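Student: Curious how this folds, go ahead:
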Amino acid sequence: MTGAGAAGAARLTAAQGARHARILAVGGYRPERVVTNAEVCELIDSSDEWIRERSGIITRHRAAPDESVTDMAESASRAALEHAGLAGPDVDAVIVATVTHPYQTPSSATLLAHRLGATPAPAFDVSAACAGFGHGVSLASDMVRGGSARTVLVVGVEKLSDFTDPRDRSTAFLFGDGAGAVVIGPSEQPGIGPTVWGSDGEQWDVISQKHSWIDVRDSHAEWPALRMAGQQVFRWAVWQMAPVARKALDAAGVSAEDLGAFIPHQANMRIIDAMIKQLRLPEHVPVARDIAETGNTSAASIPLAMERMLREGRAHSGDLALLIGFGAGLSYAAQVVVLP
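Tutor: This is a model prediction of the structure:
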């Protein structure tokens, strides 16, 4: 480079970030209403026994009709900030992972930032479904270490009841509503391991809306509820995600023996059990099974499960936890973190 271009480049100053990042605190929010399998079965040909056997789900939480994605995200965020000893103005960036915010634009994150008093922090939504929280954690860690933010709020939140067909026997029993949030900030020691993430767009249609918004507009199609090819998703999750989890362990320089918790996406209890076998997870490592009471909450499932394990004493601050999210896209993300 010569001339004015070289002189201009020489004047640039690079951002200076923290050496490492970590999760400072976690907060969760589960809507008040609890929906039993018996209630779900009022509209589908199934039974409590069948649902428990196929998914491990006993109950799930459902948001009130007037309770929005942003409402739930705010509740979880305030809990996380309180645990971190911080307030909204301390937040430098807001990332919301969700696929159920009902507006294509603007994002839920911008409204959340305003409600928390974090304005003018940059705020944006991430659409990676059940892997969204892992994507958000990776982005926030890079932001802290890269110097574009010091404190980042990452929220996984879904109101899946708005996009679930209550008469669809393959999906009606699976999904729940809720929100989980973490605060990510600087650390003297590594607190978030390298993320192993990716996608397989060839299989985009195995978990998707039934119709696009254009279809709804132009042909008055039915509401674009979620649909899923369950067996394909099961096989993909069991056989393709265990190697991703192992890569995340290797990237972090730890082994399964070092873990204090395994917190996978709460998709299905059978998937979780199969992954444990594939990973040859030691018996002493506690495994998150929040799906039994909370259902599959997509982007919210990992932070909600993390919050429960810490609150109930099944995992402890300072433990190493393997996180892995996977779902529509098909997308995935895995990382080892130090629990807050």
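Student: who's in contact with the longest helix anywhere in the chain?
Tutor: Counting residues, the longest helix found in the chain (DSSP state H) is helix 230-252. For helix 230-252, the surrounding residues in contact (Cβ atoms under 8 Å, 6 or more residues apart in numbering) are 170, 193-196, 198, 200, 203, 206-207, 255-256, 264, 267-268, 270-271, 274-275, 278-279, 320, 322, 324, 326-327, 330, 332, 334-336. In short, each C-beta sits where N, CA and C put it, glycine included.
Student: Any of these buried? List them.
Tutor: 193-196, 203, 206-207, 256, 264, 267-268, 271, 274-275, 279, 320, 322, 324, 326-327, 330, 332, 334-336 (16 or more other Cβ atoms under 10 Å).
Student: Now intersect these with the helices, please.
Tutor: Ile271, Ala274, Met275, Leu279.
Student: how far is stretch 193-211 from where the chain is centred?
Tutor: 14 Å (Cα atoms, centre = their mean, to the nearest Å).
Student: Pull that stretch out as CSV, backbone CA atoms only.
Tutor: Taking C-alpha atoms only, stretch 193-211 is exported to CSV below (Å, rounded to 0.1, in the frame of the first residue of the first chain):
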residue,chain,number,x,y,z
GLY,A,193,-13.9,-22.2,25.5
PRO,A,194,-13.7,-22.0,21.7
THR,A,195,-17.0,-22.6,20.0
VAL,A,196,-17.5,-25.5,17.6
TRP,A,197,-20.4,-24.4,15.4
GLY,A,198,-21.8,-24.9,12.0
SER,A,199,-24.9,-25.6,9.8
ASP,A,200,-26.3,-28.0,7.3
GLY,A,201,-28.7,-26.0,5.1
GLU,A,202,-29.4,-29.1,2.9
GLN,A,203,-31.7,-30.3,5.7
TRP,A,204,-33.3,-26.9,6.3
ASP,A,205,-36.8,-28.3,5.9
VAL,A,206,-36.7,-31.0,8.6
ILE,A,207,-37.6,-28.4,11.2
SER,A,208,-39.4,-25.4,9.7
GLN,A,209,-42.5,-23.3,9.4
LYS,A,210,-45.3,-24.9,7.4
HIS,A,211,-45.6,-21.8,5.2
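Student: Run through who's touching it.
Tutor: So stretch 193-211 is contacted by 129, 131, 134-135, 137-138, 141, 163, 165, 221-222, 224-229, 232-233, 236, 244, 247-248, 251-254, 327-337 (Cβ under 8 Å, 6+ apart).
Student: Just the element for Gly134, please.
Tutor: Following DSSP states H and E, the helix or strand that holds Gly134 is helix 132-146.
Student: if you average pLDDT over the following helix or strand past that helix, what comes out?
Tutor: As assigned by DSSP H and E, the chain's next helix or strand after helix 132-146 is strand 152-159. Strand 152-159 shows an average pLDDT of 98 in the prediction.
Student: what packs against the next helix or strand along the chain from strand 152-159?
Tutor: Per DSSP H and E, the first helix or strand lying C-terminal to strand 152-159 is strand 177-187. Contacts defined by 3 or more Cβ pairs under 8 Å, 6 or more residues apart in numbering; DSSP states H and E place strand 177-187 against strand 20-29, strand 59-62, helix 69-84, helix 132-146, strand 152-159, helix 301-311.
Student: Compare those and give me the one nearest Ala118.
Tutor: strand 152-159 (7.3 Å; Cβ to Cβ).
Student: partners of that closest one, with directions?
Tutor: With DSSP bridges as the test, strand 152-159 is paired with strand 93-97 (parallel), strand 177-187 (antiparallel).
Student: what's the angle from that strand to helix 69-84?
Tutor: 140 degrees (axes from the mean of the first three to the mean of the last three Cα atoms, to 10 degrees).
Student: Let's test this: mean pLDDT of the helix holding Gly134, rounded?
Tutor: 98.
Student: need the contact list for Ser331.
Tutor: Ser331 neighbours (Cβ under 8 Å, 6+ apart): Ala128, Ala129, Cys130, Ala131, Gly132, His135, Trp197, Gly198, Ser199.
Student: can you rerun that using 6 Å?
Tutor: Ala128, Ala131, Ser199 (Cβ atoms under 6 Å, 6 or more residues apart in numbering).
Student: Now list the buried members of the residues you listed.
Tutor: For the contacts of Ser331, buried by 16+ other Cβ under 10 Å: Ala128, Ala131.
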